[in-house]
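**Q** okay, here's the prediction I keep looking at, along with the sequence it came from:
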Amino acid sequence: MTAAPAATRTSMVHTQSGATTRSDRPSPMTRAARAVRAEAVWGARSLRRAGQGPGRERDAVVQSLKAALAAVLAWLAAAWLLPDAFALMAPWVAVVLVQATVYRSVWQGLQQTMAITLGTVLAAALVIPFGHPVLVMILVLPVTTLLGNWPRFGAQGIYASTAALFTLVPGEATLDSAVSRVLAALLGTAVGVGVNALLLPPVHLRSAREAVDSAVREAREIVTEVADGLDEPWEHDRVRAWYDRACRLPRLIRGVESAVGWSRESTRFNPESRRAEAARLTAAYEETLATLEDVAERLTVLTRTLLEAADEGEDVPRPGHEVTRPYAGFLHRVAAALDAYGRTVTGDAPETARRELREVVGEIRVEQDRLRAELPRHAAAVPEGLSVLGPLLAESRRLATSLLPGGRGEGGAGSGDGDDGDGSGASGRQGA
């Protein structure tokens, strides 16, 4: 007799819990309100960052204001020089051409003007003799849409079809109206490119700097993580995580390559005052890109060596604490070299960072010489251990040396640096 009430109570609890769960589930309107609120918070935070100092948010605000100014100026100029019916074309073109770089504005302006001219001429050439806009639309739009895929038009090919529609929709088209539309497009192009080039022309140096910082920081953290865990048991999953992280480093370096490309493009058609600075820093970032690619390769080889030693299926004796402990300290110096190198590229005191980098690399060479001198003793105890320690010493030394100017050619694989595979090659020939 007592079981039934208990079951009933249990059922009631479950039912009430289910009802509570259903009532707690937000409705679509609530979810939409939360999404709008989150976007508003994100927008407010971005505006606050734009007001606090230089950054991507401020750059976006500046470019938006420039686009609005270009549209207004193009509208005023078109309303003064052209019939009112065609004034819309100029600001429509101008606002699109305030692009991320001056070069992109110029190039896309040419592409857009050609596409608009093509669509306008084709539509006018057929509607004037035929006089039936719908019929001409059926004939022209497939052609302009197809021609819009021509690579020379880039992303601006769609404007051939839209220009044809602007020509046909009002109804009657004349030669004068076609010429006025093309002139309005040219006017909008001139205003858009002019505003972008003359008023705070964009230079994408900050993005390259941030990308370099991220890649160097990731490389430094990988080396530090390996150094911290080297004197502990080499669990396969942990070492595998080091290797996987090193394999993902090239993805960050591709981000550096993209950012450097934007920075390089920023130097084209830019006023001399900003072009000189952009060209100087872009050259430095390009050299940094090559160095980071070499660092990524060294880290991949280094962590793969550790992974092979940690693999339970590999019969590779692991070095003892008397070897791993000093080598961990050696790697910490390599991490310090990476930190100093990053500051030579993006820091506020690059000369000081260069001196520190040379000093740290000098310490790394001394430490490597000491560890290499101890190799015969370790080899006598565990000869197979050289297959682990030798490559680790060689790759770490190459990694550190590659951070110095001209170091990639001297410390790279196959560069005749004297290594014979056991890490005992002479390192004193590398100059700082």
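**A** Nice, thanks for sending it over.
**Q** next, the buried residues of the host helix or strand of Val334.
**A** Assigned by DSSP states H and E, Val334 belongs to helix 321-346. By 16 or more other CB atoms under 10 Å, the buried positions in helix 321-346 come out as 323-324, 327-328, 330-346. Where C-beta positions appear, they are placed from N, C-alpha and C, glycine not excepted.
**Q** and it, what other elements does it pack with?
**A** helix 205-229, helix 272-310, helix 350-373, helix 386-402 (3 or more CB pairs under 8 Å, 6 or more residues apart in numbering; DSSP states H and E).
**Q** how about the ones you listed, which one is nearest Val121?
**A** helix 272-310 (36.6 Å; CB to CB).
**Q** and the closest one with helix 205-229, angle?
**A** 20 degrees (axes from the mean of the first three to the mean of the last three CA atoms, to 10 degrees).
**Q** now do helix 272-310 and helix 386-402, the angle between them.
**A** 170 degrees.
**Q** I'd like to know which elements helix 272-310 is packed against.
**A** In terms of contacts (3+ CB pairs under 8 Å, 6+ apart), helix 272-310 is packed against helix 205-229, helix 236-266, helix 321-346, helix 386-402, helix 407-411.
**Q** the closest residue to Arg304 other than its chain neighbours: how many residues sit nearby?
**A** The shortest distance from Arg304 to any non-neighbouring residue, by CB to CB, 6 or more residues apart in numbering, is to Tyr243 (5.8 Å). For Tyr243, the count of nearby residues is 21 (other CB atoms under 10 Å).
**Q** for Phe130, same thing?
**A** Burial measure for Phe130: 11 neighbouring residues, criterion other CB under 10 Å.
**Q** tell me the pLDDT at the nearest residue to it once chain neighbours are set aside?
**A** Closest residue to Phe130 apart from its sequence neighbours, by CB to CB, 6+ apart: Val136 at 5.7 Å. Model confidence at Val136, given as pLDDT, is 86.
**Q** next one: Val136 from Thr174, what distance?
**A** Using CB to CB, to the nearest Å, one gets 14 Å for the distance from Val136 to Thr174.
**Q** mind checking which of the two has more residues around it?
**A** Taking neighbours as other CB under 10 Å, Val136 and Thr174 compare with Val136 leading, 23 against 11.
**Q** how about the contacts made by the residue positioned nearest the centre of the chain?
**A** The centre of the chain sits closest to Gly255, judged by CA atoms, centre = their mean, with a distance of 3.2 Å. Residues counted as contacts of Gly255 (CB atoms under 8 Å, 6 or more residues apart in numbering) are 211, 214-215.
**Q** and Asn149, how many neighbours does it have?
**A** 10.
**Q** does it really touch Gly157, like I thought?
**A** Yes - applying CB atoms under 8 Å as the test, Asn149 and Gly157 come out as touching, 5.9 Å apart.
**Q** secondary structure element for Leu110?
**A** Here Leu110, judged by DSSP H and E, is contained in helix 102-130.
**Q** for the record, mean pLDDT for that helix?
**A** On average, helix 102-130 scores 87.
**Q** please apply the same query to stretch 395-405.
**A** Over the span of stretch 395-405, the pLDDT mean works out to 76.
**Q** what comes up buried for it?
**A** Residues of stretch 395-405 classed as buried by neighbour count (16+ other CB under 10 Å): 395-404.
**Q** out of these, which is nearest to Glu363?
**A** For the buried residues of stretch 395-405, the nearest to Glu363 is Ala400 (9.5 Å; CB to CB).
**Q** and the gap between the closest one and His321?
**A** From Ala400 to His321 the distance is 23 Å (CB to CB).
**Q** cool, and Ala67?
**A** As judged by CB to CB, Ala67 and His321 stand 63 Å apart.
**Q** any idea which helix or strand carries Pro201?
**A** Short version, using DSSP H and E: Pro201 is in no helix or strand.
**Q** surely it meets Tyr103?
**A** No - Pro201 is beyond contact range of Tyr103, at 10.0 Å (criterion: CB under 8 Å).
**Q** intersection of neighbour lists for those two?
**A** Counting by CB under 8 Å, 6+ apart, the contacts common to Pro201 and Tyr103 are Ser266.
**Q** these two - which one has more neighbours?
**A** More crowded of Pro201 and Tyr103, by other CB under 10 Å: Pro201, with 20 against 17.
**Q** phi first, then psi, for the more buried one.
**A** Per-residue torsions, Pro201: phi -60, psi 140 (degrees, to the nearest 10).
**Q** tell me the pLDDT at it?
**A** On the pLDDT scale, Pro201 gets 75.
**Q** can you check Leu141 too?
**A** 92.
**Q** now for the helix or strand that contains Ser46, which elements pack on it?
**A** Per DSSP H and E, Ser46 falls inside helix 28-52. Contacts defined by 3+ CB pairs under 8 Å, 6+ apart place helix 28-52 against helix 56-81.
**Q** so who does the residue nearest to Arg304 touch?
**A** 300, 303-304, 306-307.
**Q** same thing with Ala94?
**A** Ala94 is in contact with 67, 70-71, 73-74, 188-189, 191-192, 195, counting by CB under 8 Å, 6+ apart.
**Q** now stretch 149-160: average pLDDT?
**A** Averaged across stretch 149-160, the pLDDT comes to 88.
**Q** and Trp242, what does it touch?
**A** 222, 225-226, 229, 303, 306-307.
**Q** mind giving me the ChimeraX select for those residues, buried ones only?
**A** In ChimeraX, a selection of the buried entries from the contacts of Trp242 looks like this (16+ other CB under 10 Å):
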select :222,225,226,229,303,306,307
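**Q** of the contacts of Trp242, which is the nearest to Asp369?
**A** Val226 (21.2 Å).
**Q** was I right to think that closest one contacts Arg304?
**A** No - using CB under 8 Å, Val226 is not in contact with Arg304, being 11.9 Å away.
**Q** what lies in contact with stretch 353-360?
**A** Counting by CB under 8 Å, 6+ apart, stretch 353-360 makes contact with 333, 336-337, 340-341, 343-344, 347, 400, 403-404, 432, all of which sit outside it.
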